[in-house]
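Peer 1: After the sequence you'll find the predicted model.
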Amino acid sequence: MKPSKLFAATFVALLLCTTQAQAAEPEEHFLLTPALLAKLKAAAPDIRKLEKQDDGDGNEDERNNNLSAEAFARVLDKEPRAKAVLAKHGLSTREFALSTYAMLHAGMFVGLEPSMNKKQAADMLAGFTREQRANVALLRKTDLRAFGK
């Protein structure tokens, strides 16, 4: 088995285990919408500017740890510049945090799906919540390159 396929299979297994272990988390039931994706796309350039400003500050705090969406929102609540940027685009810190986690989850599945066989992909998707499956369907038809520019 190629190393890339092995990595993909391992990652998929971990993602599936994590999904089932944390079934009560709010990010598991957060539903992305086209309107919300449009807000996130509009906010992306301003968010990247903030990230560039923060890259050189040497501040390695809890922002870099593995956080729940709720904890991520609390971190953002303490960042006045981040709150201002999000508010400018009609987003709350909680909505942004949940959206980020939902997009990451669905985006990882969409990105890895081509490396899985159809049964693996179907089995994994069946283990997702209804909202997660809807998020995957939405991201499949969305051009995500606009978020990474």
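Peer 2: All right, it came through fine. Residues are numbered from 1 along each chain as shown.

Peer 1: CA atoms for contacts and neighbours, from now on please.
Peer 2: Will do.

Peer 1: Nearest residue to the middle of this structure?
Peer 2: A centroid search over the chain (C-alpha atoms, centre = their mean) returns residue 104, at 2.4 Å, as the residue closest to the centre.

Peer 1: Need the phi and psi values for it.
Peer 2: phi -60, psi -50 (degrees, to the nearest 10).

Peer 1: For it, report the pLDDT, please.
Peer 2: With respect to pLDDT, residue 104 scores 93.

Peer 1: same deal with residue 50?
Peer 2: Residue 50 is given a pLDDT of 87.

Peer 1: That one against residue 82, yeah?
Peer 2: Yes - taking C-alpha atoms under 8 Å as the definition, residue 50 is a contact partner of residue 82 at 7.3 Å.

Peer 1: Look at those two and report which has more neighbours.
Peer 2: Using other C-alpha atoms under 10 Å, the more surrounded residue of residue 50 and residue 82 is residue 82, with 19 against 14.

Peer 1: what helix or strand is the more buried one on?
Peer 2: helix 80-88 (DSSP states H and E).

Peer 1: Give me the buried positions along that helix.
Peer 2: Applying a neighbour-count criterion of 16 or more other C-alpha atoms under 10 Å, the buried positions in helix 80-88 are 82, 83, 85, 86.
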